[in-house]
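*Asks:* no sequence on this one, just coordinates:
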Ligand SMILES: Nc1ncnc2c1ncn2[C@@H]1O[C@H](COP(=O)(O)OP(=O)(O)OP(=O)(O)O)[C@@H](O)[C@H]1O
């Protein structure tokens, strides 16, 4: 059902009793309020279009479109004037739209209908506006319906007539289309639903063959009758009669004729008095007559058609019957007749099939109708359901509203309580603030009196401060004078302090010179740093003084007894570099070139850094070079710089003392060769005359030789498990210089001794071979200690012969040599006792006076005499050596008897690295040495 049909239904419904009119008006207005939505808006739009056709608003016009249409107020005023002519004054087009709307609203107010606000129409919700229009529509519908029941029943008749015509049209069409296909009939039916207007048109020109023709006729009518509201008022009688005379009415469609009738009726209703002008009435009659005529002719046509169909049908039936009787009577003519009959039967079956199809169509249509009925009932149910849910929703909302109202009331009560409380509190606060302000006033008074007394005191203080200021100025003056005096004094002190270091250096130089004069053995103490990977334990070194003081702490003892002070020529901290150590050693080494015998030896427990100081950790790196390399490098540099005045020849020996046996590390015969030792200090410094002497000309030569020597020592070490730390190595550098001017000769020698580890035997808990090694080391080191003690005591007998070490070092310790001892310390607290015994030994060494060193410079005569002395000493030494050998043989024989055996290097000793074929045999070297040194 479309909107118009619904509208019509609502318009027609409820008119049974005039008493119910008002109730229904209220109901409808209320219902609109509750259902503002698409349907109601569509009704209103349709109504508006009906009222003012020029609006031609689309049925599904949006709220904004409706607003745009109504906003200027003229539409509203026109509608009202149409419903109730003259109820609103119409303004000109220049009048502002607000005025029109206001006028409309005033009229609505007068009628007592619901109104809307201007703002609603302008931009607010359109619902109040639509409600107002709905009320207006309902109001005037009811009003007019009452009148139309009496006056305009014809109008309704017209519509029903049209519908009845439509039904006739359907049945006619159905009958006429008996012979057509079902599809064609369906198409026709669909077309028939297109629009109400076309349906009406079709019904009016049912005799016409096509819809196009119907439309054409309608168009023509529209052209002929462009009718407007109140049109006939403008027509003259002559015009109307002319219109009636013409055959225009006959050519117009039935719908157009109905429209004329309707308009005439509407106009007459609007005029209220119901009077219709005579000429209009005659026109109306004419139109109605035309319509009636048309309908009667069409009815006549249908009747005739029906009769024709019936007659045709009867004719067919009678023919069939005749043919059937003919068929039964004449059997001879059966063949011919049968054929005839067959044809007739075929025709009959065709007709029956058509009938069946018709029936099927009817059934289908019924079914479709049923389905649509079902759908309608479904929709109705849905609407009811929606109504119910809506009602439920409304109820829910109401209950919610009630609940919220209750809550709000509760809250209001609570707030009231709070308000009461706060009032109480405000009162309390007021009372409190009053008491406080009283107290403050009191305090103010006391403060005032206090301020008065303070201001008096301030006055007094000012006077006092003035006098104090004067005193301060006085003292300032005196202070500045004293400062000046102190400044002068301080300057003197600063000058003195500045000089202090130079004085200190001078002192040290003088001290060294005094020691040189005395021939004291110099002692340099060097402390090894903690090694990487070694946990930073507590150190035994408490203090290192610049002037050679060293304080060592006993980790067990506390207080004064825990500390011990030692004093040496120099103490090198763990941070001291190889370079720094050498700088302090350099002057001593240089004196070798001046013809002095110099001996440098490193003493200390195993791992304390003896080899580090003497050789260095890595020969390939120059900055790591120890005293050995640096000394020889320096000697060559110096000899080069002096080559214009003195020509130097340098030779090198390298021996090892292991288990009281001296072995040549550079000998081409191998280290197993035991060397003889001179029994007394040799004037030429050749302590080990049998050791091969290797002339060197550059640092590279020295490095090469020393590497061979170290390798020989290292090879031995591999076989005998780190023998290097249990043997003494002695590198002797012999220098012979000849003055080019005076031909005077000078000889100097430099012993560089890396002693074996000085730790006690019991500490290492050694046994077997190790014990033997340790015993030998102990023996040699204690022999060294005895020699030093004897020298310190200036004893007439110095026991050099007690060990090979003392014998080798005899020339450096006893003769007027310059001797330097590096005391190497391990800072680890675990090594405290070893450190103390090392330091005690070093203390004793530093006290030894060897007498002033003497240079070995000599003229030619002296040299000849010295040569003789040397040969004599050589002979004595040989004898001594023989005696020594015999003694050793005796000792060994006794030892073998006791079942002990001495260490041999025979098969167990490592392969000897050869110095090379170019090297001369020891005898040759010895001869040469005897010749040159
Ligand atoms: N001043 C130092 N700075 C850095 N490392 C050092 C220093 N002195 C010694 N060392 C390191 O300490 C370790 C032991 O040193 P070194 O072998 O020279 O001791 P040693 O007294 O000669 O031992 P041994 O008696 O066994 O021959 C080495 O690894 C060495 O590099």
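*Replies:* Everything's here; your move. As the structure is a computational prediction, the values presented were derived from the model and not from experiment.

*Asks:* quick one, strands of the protein?
*Replies:* Using DSSP state E, the strands found in the chain span residues 522-527, 541-544, 549-553, 563-567, 570-572, 597-604, 646-658, 661-664, 694-696, 728-739, 745-754, 818-825, 856-858.

*Asks:* could you point out which of those sits nearest residue 136?
*Replies:* strand 541-544 (118.0 Å; Cβ to Cβ). In this view, the C-beta of every residue, glycine as well, is placed from N, C-alpha and C.

*Asks:* residue 653 contacts residue 749, correct?
*Replies:* No - assessed by Cβ atoms under 8 Å, residue 653 is found out of contact with residue 749, at 9.4 Å.

*Asks:* so for these two, which residues contact both of them?
*Replies:* Counting by Cβ atoms under 8 Å, 6 or more residues apart in numbering, the shared contacts of residue 653 and residue 749 are 732, 734.

*Asks:* gap between residue 372 and the ligand?
*Replies:* 113 Å (Cβ to the nearest ligand atom, to the nearest Å).

*Asks:* can you count the residues close to residue 700?
*Replies:* The burial count assigned to residue 700 is 10, neighbours taken as other Cβ atoms under 10 Å.

*Asks:* burial measure for residue 493, as a count.
*Replies:* Residue 493: 12 neighbours (other Cβ under 10 Å).

*Asks:* do the same with the one 10 residues further on
*Replies:* Counted with other Cβ under 10 Å, the burial measure for residue 503 works out to 12 neighbours.

*Asks:* ok, residue 595 next?
*Replies:* A count of neighbours around residue 595, defined by other Cβ under 10 Å, yields 21.

*Asks:* ok, and the closest non-adjacent residue to it?
*Replies:* Spatial nearest neighbour of residue 595, excluding adjacent residues (Cβ to Cβ, 6 or more residues apart in numbering): residue 746 at 3.4 Å.

*Asks:* against residue 55, how distant is the residue in the stretch 101-250 of the chain that the ligand sits nearest to?
*Replies:* For the stretch 101-250 of the chain, the residue closest to the ligand is residue 123, as judged by Cβ to the nearest ligand atom, at 95.9 Å. Per Cβ to Cβ, to the nearest Å, residue 123 is found 21 Å from residue 55.

*Asks:* the two: who's more crowded?
*Replies:* The neighbour count for residue 123 versus residue 55, taken as other Cβ under 10 Å, is higher for residue 55 (16 against 9).

*Asks:* distance-wise, check that one relative to the ligand.
*Replies:* From residue 55 to the ligand the distance is 112 Å (Cβ to the nearest ligand atom).

*Asks:* per-residue pLDDT of that residue, please?
*Replies:* If you check residue 55, the pLDDT there is 85.

*Asks:* how about the one 10 residues further on?
*Replies:* According to the predicted model, the pLDDT of residue 65 comes to 87.

*Asks:* residue 565 now?
*Replies:* You'll see residue 565 listed with a pLDDT of 93.

*Asks:* ok, for it, nearest residue in space, not its chain neighbours?
*Replies:* Leaving aside its chain neighbours, residue 565 sits nearest to residue 551 (5.3 Å; criterion: Cβ to Cβ, 6+ apart).

*Asks:* residue 838 too?
*Replies:* Residue nearest to residue 838 in three dimensions, not counting chain neighbours: residue 604, with 5.5 Å by Cβ to Cβ, 6+ apart.

*Asks:* returning to what we had before: do I have it right that the residue nearest to residue 565 meets residue 527?
*Replies:* No - under the criterion of Cβ under 8 Å, residue 551 is not in contact with residue 527, lying 11.9 Å apart.
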